[in-house]
Structures are given as structure tokens and as C-alpha cells.
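1. A predicted structure for the sequence below; I have some questions about it.
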Amino acid sequence: MAVRACGLIIYRRLQSAPCSKVTDGIEYLLLQTSYGTHHWTPPKGHVDPGEDDLQTAFRETQEEAGLHASQLTLIEGYKKELHYPAHGKPKTVVYWLAEVKDCNAEIKLSEEHQAFQWLKLEDACKLAEYEDMQVTLKEAHEFLCSKK
């Protein structure tokens, strides 16, 4: 049976960005794990018994980044499932897209992570080593571009 995890691709819009392009000033939040290869990902984690996928995504975001659901706006219409092997077992990760309401909101890392960065799309893709995560970030960005 596949391991299931859920998370949120968190972004912010910087106020100083010019209004001419919707995607100017968008930065994505990536967290660096404090274990293994110290890879960079959005906040995510395993689904607990009795929890639905979206509840997991919000709980994990609160646990790993210190952002409460009330600080985020879930973006309707975006949901992405990734499938890949992890530790010899199939894994499914479901991501939603959410905007942080206050672009200066404090990020509070858990012990699972050692660093965080807000990054423009190109830089986020460089840090997210896995190709499927890079593709997911680009798709999320394109989705935001098409919103307005």
C-alpha cells in the first residue's frame, strides 16, 4: 500500500512588485529538512488516522512552518498529486496551493527542518532537486498566471 502525504505549496506576493504582471513579486516557501539529504520541499507530511487530506496539509503546515490555517488563503481549483518511490515503497503526495495573507508572517520551523527560504520560481526550482517538484512549482505558477 502506498504511503500518503499531503501539503501546501505556500506563496506570498511582495507589495513592492509592479502591478503590470500578476506573477511579479511571487515567492514560494521551501523548507530544508534536517535529516537525510537535507532536501528542500513545501511543508508536507503523513496523513494521520481519521484525518482527511486537506486537514493533513493544514496541520503539517502549522507543525512545520508555524503557519495557521487562518493565516492562509486556499486557492480554489489547484490540486496536484505526485507519485514516486520513497524508502522502497510507493508514495503519494497531494499538494494544494495557498497564499499567506501577510507576506511578513513569521515562519517557525519544527525540529524536522533546519532552514527556510522564500524564493522566486526559478530559484525555488533550483533548490527543489526533484524534477516532479520542479514541474509542480511551475504548474502552480502557471495556474496563478492564468487566474487574472
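-> Received, thanks. Numbering: from 1, shown residues only.

2. which residues in this structure form strands?
-> Along the chain, the segments classed as strands by DSSP state E run 3-13, 26-33, 40-41, 44-46, 72-86, 89-100, 113-119.

3. output the longest helix belonging to the protein.
-> Ranked by residue count, the top helix of the chain under DSSP state H comes out as helix 131-147.

4. what comes up buried for it?
-> Met133, Gln134, Thr136, Leu137, Ala140, His141, Leu144 (16 or more other Cβ atoms under 10 Å). C-betas here are computed from N, CA, C, even on glycine.

5. so it versus strand 113-119, what angle?
-> Going by axes from the mean of the first three to the mean of the last three Cα atoms, to 10 degrees, helix 131-147 is angled at 40 degrees with respect to strand 113-119.

6. kindly export helix 131-147 (C-alpha atoms) in CSV.
-> The C-alpha trace of helix 131-147 is given here as CSV (Å, rounded to 0.1, in the frame of the first residue of the first chain):
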residue,chain,number,x,y,z
GLU,A,131,12.1,17.0,-11.2
ASP,A,132,8.5,16.3,-10.2
MET,A,133,8.6,19.0,-7.6
GLN,A,134,10.1,21.5,-10.1
VAL,A,135,7.3,20.7,-12.5
THR,A,136,4.7,21.1,-9.7
LEU,A,137,6.1,24.5,-8.8
LYS,A,138,6.0,25.6,-12.5
GLU,A,139,2.4,24.3,-12.9
ALA,A,140,1.3,26.2,-9.7
HIS,A,141,2.9,29.3,-11.1
GLU,A,142,1.2,28.9,-14.4
PHE,A,143,-2.1,28.4,-12.6
LEU,A,144,-1.6,31.7,-10.8
CYS,A,145,-0.7,33.4,-14.0
SER,A,146,-4.0,32.2,-15.6
LYS,A,147,-6.1,33.4,-12.6
